[in-house]
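Asks: attaching a predicted model along with its sequence, questions to come.
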Amino acid sequence: MSKIKIESGAYSLLNPGCVVLISAGDGGGEGVFAVTWNMPIRKDPAMVAIECGQNHYTYQFIRKTGEFGVNIPDAKMVNQVLGCGTVSGKTGVDKFERFGLTRQTAEKIKAPLLAQAFANLECRVTQVVDMGASALLLAQVVSAQVDDRHFVDGQLVFDNGLQLLHHLGGRRFCVSDRVLMGEMG
Ligand SMILES: Cc1cc2nc3c(=O)[nH]c(=O)nc-3n(C[C@H](O)[C@H](O)[C@H](O)COP(=O)(O)O)c2cc1C
């Protein structure tokens, strides 16, 4: 193996978690945007963290309600992810309409969820870390749902054609679609 030293872009080596669509709304307005920088931070009760630009149109709704939805798309939604991540609601565009996203009522939060996403997490913000241009939002998952074809006995399964979508940067994505079992030596 020959390794090259890199001066920038180290983050992109860790990037390939699932890209998600974050939705938020207060009953009056709503927004949705793409987030690559997200991660689980606790198992039970489940918690997640996302990085959110403080100038994002959608952030006002998260700030107001303290809530957001994490919508996990599969690879079929790649263009909707790119669209929601490159167009801002500040332009007056209704991204739900423009990108053909169907609203789904959440169980516990005001934010609309995305029906096309194969999984949806309803989250309440517990902590905000101000990072200047962006904020790190720590949140508790108060409700979660997933397509039962793709989640069996508490685990993701890929037998029914699930392809997870990962963001590599810019317009580049990759997919993961099978389980690899490690063996204990
Ligand atoms: C694939 C992709 C991933 C992105 N990941 C993030 C992210 O992790 N955090 C973030 O704040 N913005 C991220 N963005 C940028 C926002 O999604 C983008 O600025 C969006 O237009 C904001 O929408 P809004 O202003 O309507 O809320 C990403 C964009 C793309 C295309």
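Replies: Done, it's in. Numbers count the residues shown, from 1 in each chain.

Asks: name the nearest residue to the residue of the chain found nearest the ligand, ignoring sequence neighbours.
Replies: Here the residue of the chain nearest the ligand is Gly85; by CB to the nearest ligand atom that distance is 2.4 Å. To be clear about C-beta, it is placed using only N, CA and C from the backbone, and glycine gets the same treatment. Distance criterion CB to CB, 6 or more residues apart in numbering; nearest residue to Gly85, sequence neighbours excluded, is Ala34 at 3.0 Å.

Asks: mind listing the helices for this structure?
Replies: All helices of the chain, identified by DSSP state H, fall at 11-14, 59-65, 78-86, 95-98.

Asks: what are the contacting residues of the second one?
Replies: To tie it back to what came earlier, the one meant is helix 59-65. 22, 24-26, 29-31, 52-53, 68, 109-111, 125, 135, 137 (CB atoms under 8 Å, 6 or more residues apart in numbering).

Asks: report pLDDT for the residue nearest in space to the middle of the chain.
Replies: Closest residue to the average C-alpha location of the chain: Val20 at 2.1 Å, with CA atoms, centre = their mean. Val20 carries a pLDDT value of 97.

Asks: beta partners for it?
Replies: Bridge pairing for Val20 (DSSP bridges) gives the partners Val35.

Asks: quick one: contacts for it?
Replies: Counting by CB under 8 Å, 6+ apart, the residues that Val20 touches are 34-35, 38, 50, 70-73.

Asks: again, only using 7 Å
Replies: 35, 38, 70-72 (CB atoms under 7 Å, 6 or more residues apart in numbering).
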